[in-house]
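Asks: build the 3D model from these lines:
(3 chains)
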Amino acid sequence: MPEIAEVETVRNTLKKRLLKKRIVDVKILYPQMMESNVDEFKKNVVNQEFVDIKRRGKWLIFELDNYYLISHLRMEGKYFIKEHDEEINKHEHVIFQLDDGYDLRYHDTRKFGRMRLITKDMLDTCEEIQKQGYEPMDDKLTGEYLLSKFKNKRLPIKTVLLDQTIISGLGNIYADEVLFKSQINPLRTAASITLDEANKIITSSKSIIEMAIKLGGTTIRSYTSSLGVTGHYQDYLCVHKQENKPCPNCGTLIKRIKVNGRSTYYCENCQK
DNA sequence: AGTGCGACCCGAACGC
DNA sequence: TGCGTTCGGGTCGCAC
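Replies: Purely as a prediction, here's the structure:
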């Protein structure tokens, strides 16, 4: 599932293939995922060229001549580049036909992803984008900032790390890994986190995201006809999806619990 | 304001 | 084997 590192990898990969390409047609096969009016979307996106690809948290932002195409991959959204005459897969929901004989195809088995076209001046007022908190690599993310956000929260710290308005980009996997590296029990309330621990959360997030981006970069599968992203970070996970495996620190078997409905993995010995 | 929970989806995993 | 059921994951919107 794409978290910040995967979205960054998608961004870097697509950038190499898409810049200066022009959209000559678009097919929307699953209109429910389109938050813009479908007819307007088609009308406006056709004949636009890809100028840049940006990212904010888990949002991908395709910069076109006159618009931003903003796209959230949610759980399983992927972009593929395929030759235009290749058969359409049943999970391909939006097909952008490019001027070079290829398509950019949005593929999403769960149909959870969303996309929308906005004019350039709308980005500053686009709520989903603007309400994102600081990203792990942002210097503005400080222990003091986190404490001010955690102050009145009685929710488990694990749940609060998934709140994109505080730290932008962490998902269920990295939240578990960050808490393990910070040696913090996922069930602790956010309000109970000390300044020291908040700083640990920040340094852990930075190093984990940095490594994940590097791994994503080295493990891209790029075929001649398509281009998906399968990072290899899963080979380096300490706790997430590691139930009943030994903790890399102390050997205690990793526990799996539910925290506010989400699977959560941790070492009960290391994370008090 | 903070919190809790259902809805959105459907393939995979599980239970019988 | 084949069926039915449950689960999961990010985010939103609504109720409390």
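Asks: show the pLDDT at the residue in the stretch 51-200 of chain A that DNA strand C sits nearest to.
Replies: Of all residues in the stretch 51-200 of chain A, residue A:171 sits closest to DNA strand C, at 3.0 Å by C-beta to the nearest atom of the strand. In short, each C-beta sits where N, CA and C put it, glycine included. pLDDT for residue A:171: 88.
Asks: how much space is there between it and residue A:44?
Replies: 31 Å (C-beta to C-beta, to the nearest Å).
Asks: right, is the longest helix along chain A up against DNA strand C?
Replies: Longest helix of chain A, by residue count under DSSP state H: helix A:195-218. No - using C-beta under 7 Å from any atom of the strand, helix A:195-218 never reaches DNA strand C; the gap is at least 13.3 Å.
Asks: who's in contact with that helix?
Replies: Contacts with helix A:195-218, where a contact means C-beta atoms under 8 Å, 6 or more residues apart in numbering, come from A:3-6, A:8-9, A:12, A:136-137, A:141-144, A:146-147, A:150, A:161, A:167, A:169-170, A:174, A:177-179, A:181-184, A:193, A:229, A:231-233, A:235-236.
Asks: mean confidence score for it?
Replies: Per-residue scores along helix A:195-218 average to 88.
Asks: any stretches of chain A with poor pLDDT?
Replies: A:1, A:217-231 (pLDDT under 70).
Asks: residues from it in reach of DNA strand B?
Replies: Residues of chain A lying close to DNA strand B (C-beta under 7 Å from any atom of the strand) are A:32, A:90-91, A:109-112, A:152-155, A:260-261.
Asks: ok, so of these, who is nearest residue A:251?
Replies: residue A:260 (28.6 Å; C-beta to C-beta).
Asks: so what does the closest one look like in phi/psi?
Replies: Per-residue torsions, residue A:260: phi 50, psi 50 (degrees, to the nearest 10).
Asks: got the contact list for it?
Replies: A:155-156, A:158-159.
Asks: filter these to the buried ones?
Replies: Among the contacts of residue A:260, those scoring as buried are A:156, A:158-159 (criterion: 16 or more other C-beta atoms under 10 Å).
Asks: which of those fall in strands?
Replies: Nothing among the buried ones among the contacts of residue A:260 maps onto strands, per DSSP state E.
Asks: could you save these as CSV and add columns showing distance to residue A:71?
Replies: Output for those, formatted as CSV (distance: C-beta to C-beta, whole Å):
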residue, distance to residue A:71
A:156, 30
A:158, 27
A:159, 26
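Asks: per the record, what domains does chain A have?
Replies: Under the assignment automatic domain parsing, the domains of chain A span A:4-127, A:143-266.
Asks: filter the contacts of helix A:195-218 to the buried ones?
Replies: Neighbour-count burial (16+ other C-beta under 10 Å) applied to those gives A:3-6, A:8-9, A:12, A:136, A:141, A:143, A:146-147, A:150, A:161, A:167, A:169-170, A:174, A:177-179, A:181-182, A:184, A:193, A:229, A:231, A:233.
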